[in-house]
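1. Okay, predicted coordinates and the sequence, questions at the end:
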Amino acid sequence: MSGQARAAVFLGDGTYEVREFPIPAAPPGGAVLKVEAVGMCGSDVMQFHGQKHVPGECSPVVPGHEIVGRLHEVTPEAAAGWGVAEGDRVCVDEIVKCGRCRACLACGGGLCSNLHLYGYTMGPDHEGGLWGGYGEYMRLLPNTHVMKAPDGLTAAELTVFEPLANALNWVSSVRVGPGDTVVVQGPGHQGLLCAAAALARGASQVVVTGTGADGLRLKTALELGVHHVVDVDAEDAVARVGELTGGRMADVVMDLTPVPATVRTALDLTSMSGARVALAGLKHFTPVDGLLTDLITLKNMSVQGCAGSTPAAMEQAVRLLADRPSIARTMAGTHVTLDTVEHGIALLERRAAGEDAVHVSLVHGD
Ligand SMILES: [Zn+2]
Ligand SMILES: [Zn+2]
């Protein structure tokens, strides 16, 4: 295979450069993807600044783990095993397990000891260098989990499959269901998709809270179909949820903000018996001031840490986008190119003057 592909390489010090790599050949049993679009997320920003949070993460790196593209070269083994052909548009699961280690062979899983994550664990010096969605092409290893993308959505719209898979995994782990009032704190793209996932699971009332700076995001929450939004700078979230539930309070609170204080609010927002709290927003390892664990005890509350996704949740996410493409369209947000990655980072860090976006994707040219 000849030709060159461009890729953004994050250097880990708050800078990046666009480098050229030869378009790679498929690894044995794997494939080569022509990346069309990749979602940008908060963990990309951490990588940009060299903050590591994933096992085996390397820096510098070609980041990008919310990957949608067309299969450019497919080995016969991958075609048979994955049920795909060259030219198919696919969503790529970032997690690649070896399938051979003790954890992989044990029922119920555990952490694979040879785990690879696209966009994190293989650097620009590793076998051809293109292992993340910020490259125009990338290699796919034989154990990759890919799903054919539904028709009718653009590649940029489809990139929300990855945060939607997280959201579906998390609403499942806190058992959201019909009859539940669910409060989502933090209307970033991951929070908004948690609200969409709670609605998809049949929650009876979904409330999203944000700050006065979140106008666009709260408006988007309403477009997704949530029942109420609360601007916590203008009104007291606990009092408002009290009103909305006739004093019963929430069955499930999902915390997705980057600030520790909302963990305390989450405990106050819950009902008196059997509520579930999902902690999904990372707080930069800052402790929570004034945490009253007695509330957890007295309310018989379950507190669930939520990180990442599963292959089953990814399949649900892609199917949900096929059934309800409006989720992807509503969440599409804006996009940047390889030449304007810096602007995407600024949007994610919310320092792009006068501009906000519910989601940012990097779209590669033809
Ligand atoms: Zn992500
Ligand atoms: Zn393994």
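-> Nice, thanks for sending it over. Ligands and ions are numbered 1, 2, ... in the order given.
2. Now do the strands in the stretch 1-150 of the chain.
-> In the stretch 1-150 of the chain, strands defined by DSSP state E, counting those that start in this stretch lie at 4-10, 16-22, 31-40, 66-74, 89-92, 95-96, 116-117, 137-140, 146-148, listed in chain order.
3. any chance of those strands in CSV, plus mean neighbour count, mean pLDDT and distance to Ala198?
-> Any C-beta I mention is one placed from the backbone N, CA and C, and that applies to glycine too. Written out in CSV, the entries for the strands of the stretch 1-150 of the chain read as follows (neighbours: other C-beta atoms under 10 Å; pLDDT from 0 to 100; distance: least, C-beta to C-beta, whole Å):
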stretch, mean neighbour count, mean pLDDT, distance to Ala198
strand 4-10, 22, 98, 33
strand 16-22, 15, 97, 35
strand 31-40, 26, 98, 20
strand 66-74, 24, 98, 21
strand 89-92, 25, 98, 22
strand 95-96, 22, 94, 24
strand 116-117, 19, 94, 27
strand 137-140, 27, 98, 32
strand 146-148, 20, 97, 23
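4. Can I get the ones you listed in TSV including distance to ligand 2?
-> Supplementary listing: the strands of the stretch 1-150 of the chain in TSV, determined by distance: least, C-beta to the ion, whole Å:
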stretch	distance to ligand 2
strand 4-10	26
strand 16-22	27
strand 31-40	20
strand 66-74	21
strand 89-92	18
strand 95-96	9
strand 116-117	10
strand 137-140	17
strand 146-148	18
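5. Please convert these to a markdown table, extending it with distance to Met301.
-> Output for the strands of the stretch 1-150 of the chain, formatted as a markdown table (distance: least, C-beta to C-beta, whole Å):
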| stretch | distance to Met301 |
| --- | --- |
| strand 4-10 | 39 |
| strand 16-22 | 42 |
| strand 31-40 | 32 |
| strand 66-74 | 32 |
| strand 89-92 | 35 |
| strand 95-96 | 30 |
| strand 116-117 | 32 |
| strand 137-140 | 42 |
| strand 146-148 | 35 |
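6. mind saving the C-alpha coords of stretch 227-239 as CSV?
-> Taking only C-alpha atoms (Å, rounded to 0.1, in the frame of the first residue of the first chain), the coordinates of stretch 227-239 have been written out as CSV:
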residue,chain,number,x,y,z
HIS,A,227,-38.4,16.6,31.2
HIS,A,228,-36.8,19.4,33.1
VAL,A,229,-33.5,21.3,33.3
VAL,A,230,-32.2,23.2,36.2
ASP,A,231,-29.7,26.1,36.1
VAL,A,232,-28.1,25.7,39.6
ASP,A,233,-26.8,29.3,39.5
ALA,A,234,-30.4,30.5,39.3
GLU,A,235,-32.3,28.0,41.5
ASP,A,236,-31.6,25.4,44.2
ALA,A,237,-31.4,21.9,42.5
VAL,A,238,-32.5,20.1,45.7
ALA,A,239,-35.5,22.3,46.2
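7. Which residues does it contact?
-> Identification of contacts with stretch 227-239 by C-beta atoms under 8 Å, 6 or more residues apart in numbering yields 183, 185, 187, 205-212, 214, 218, 221-222, 240-241, 244, 265, 268-269.
8. Work out for me the element Ala196 sits within.
-> Element membership of Ala196, judged by DSSP states H and E, is helix 189-200.
9. Would you mind getting the angle between that helix and strand 66-74?
-> Taking axes from the mean of the first three to the mean of the last three C-alpha atoms, to 10 degrees, one finds helix 189-200 and strand 66-74 inclined to each other by 90 degrees.
10. got the angle between helix 189-200 and strand 31-40?
-> Computed by the same axes, to 10 degrees, the angle between helix 189-200 and strand 31-40 is 100 degrees.
11. After helix 189-200, which helix or strand is next? Please name it.
-> Per DSSP H and E, the first helix or strand lying C-terminal to helix 189-200 is strand 205-210.
12. model confidence over that following strand, on average?
-> Within the predicted structure, the mean pLDDT of strand 205-210 is 98.
13. who in the stretch 51-200 of the chain is up against ligand 2?
-> Contact residues, the stretch 51-200 of the chain versus ligand 2 (C-beta under 5 Å from the ion): Lys97, Cys98, Cys101, Cys104, Cys112.
14. Can I get the buried ones among those residues as something I can paste into PyMOL?
-> Written as a PyMOL command, the selection of buried residues from those, which uses 16 or more other C-beta atoms under 10 Å, is:
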select buried, resi 97+104+112
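15. So which of the residues of the stretch 51-200 of the chain next to ligand 2 is the closest to Ala197?
-> For these, the closest approach to Ala197 (C-beta to C-beta) belongs to Lys97, at 23.9 Å.
16. wait, doesn't that closest one sit right on Leu105?
-> No. Between Lys97 and Leu105 no contact is recorded; they are 10.4 Å apart, counting by C-beta atoms under 8 Å.
17. coming back round to it: just the buried residues of the contacts of stretch 227-239.
-> With burial judged by 16+ other C-beta under 10 Å, the buried subset of the contacts of stretch 227-239 is 183, 185, 187, 205-211, 214, 218, 221, 240-241, 244, 265, 268-269.
18. SS state for Leu282?
-> Look at Leu282: counting by DSSP: H, G, I helix; E, B strand; the rest coil, its state is coil.
19. how deep is it tucked in, by neighbour count?
-> Here the count is done by other C-beta atoms under 10 Å, and Leu282 has 15 residues near it.
20. Which strand residues bridge the closest residue to Val84 other than its chain neighbours?
-> Beyond its immediate neighbours in the sequence, the residue positioned closest to Val84 (C-beta to C-beta, 6 or more residues apart in numbering) is Leu71, lying 5.8 Å away. Residues in a beta bridge with Leu71, per DSSP bridges, are Leu33.
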